[in-house]
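In: Any chance you can model this:
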Amino acid sequence: MSEAGDGSAARRSPPTVDAIRDELREIVDPCTAATGSNLDIVEMGLLESVTVADGTVEVAIHLTTPACHMVPYFITEIEDRVEPLAGVETVAVETDNGMTWTADMMAESAREKRRAVLDAYDAAADRADEAE
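Out: Predicted structure coming up:
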């Protein structure tokens, strides 16, 4: 049977940038998980770019600080999410120096979630102060 007839050509087609972004939305930034806001790397504004060419996917991400010790986590998570996609042969992840990211890069919904968590912490601290 020909490739067109058995669907194998479709299986080898590279994923779209949107499909890759959807996979990356499953990766929660560990620092936000620690505070309870559980923001993914896309809504955090950490995703700088995604390019797809000839079976190679290149993902560039921002770090929130030069002291970020989660680089291996991000690389592993990105590779684990993107490599299984049909048409992907290799995944390359690039990080910046952690000097360019600002909270303005976050999606509005992410800023709202983060603010809600911080407000809850502030309210709990106020209650604790009042109880003393």
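In: all helices for the chain, in order.
Out: 3-6, 8-12, 17-24, 30-35, 71-82, 108-131 (DSSP state H).
In: List the contacts of the most centrally placed residue in the chain.
Out: Closest residue to the average C-alpha location of the chain: Ile41 at 2.5 Å, with C-alpha atoms, centre = their mean. The contact partners of Ile41, taken as C-beta atoms under 8 Å, 6 or more residues apart in numbering, are Leu24, Arg25, Ile27, Val28, Asp29, Leu47, Ile61, Phe74. C-beta here means a position set from N, CA and C on the backbone, and glycine is covered the same way.
In: ok, for it, nearest residue in space, not its chain neighbours?
Out: Nearest residue to Ile41 in three dimensions, chain neighbours excluded: Ile27, at 4.9 Å (C-beta to C-beta, 6 or more residues apart in numbering).
In: Give me the pLDDT for the one you found.
Out: On pLDDT, Ile27 comes in at 98.
In: okay but it is in contact with Glu43, surely?
Out: No - using C-beta atoms under 8 Å, Ile27 is not in contact with Glu43; the gap is 10.7 Å.
In: So for stretch 111-120, what gets flagged as buried?
Out: Across stretch 111-120, burial judged by 16 or more other C-beta atoms under 10 Å covers Lys113, Arg114, Val117.
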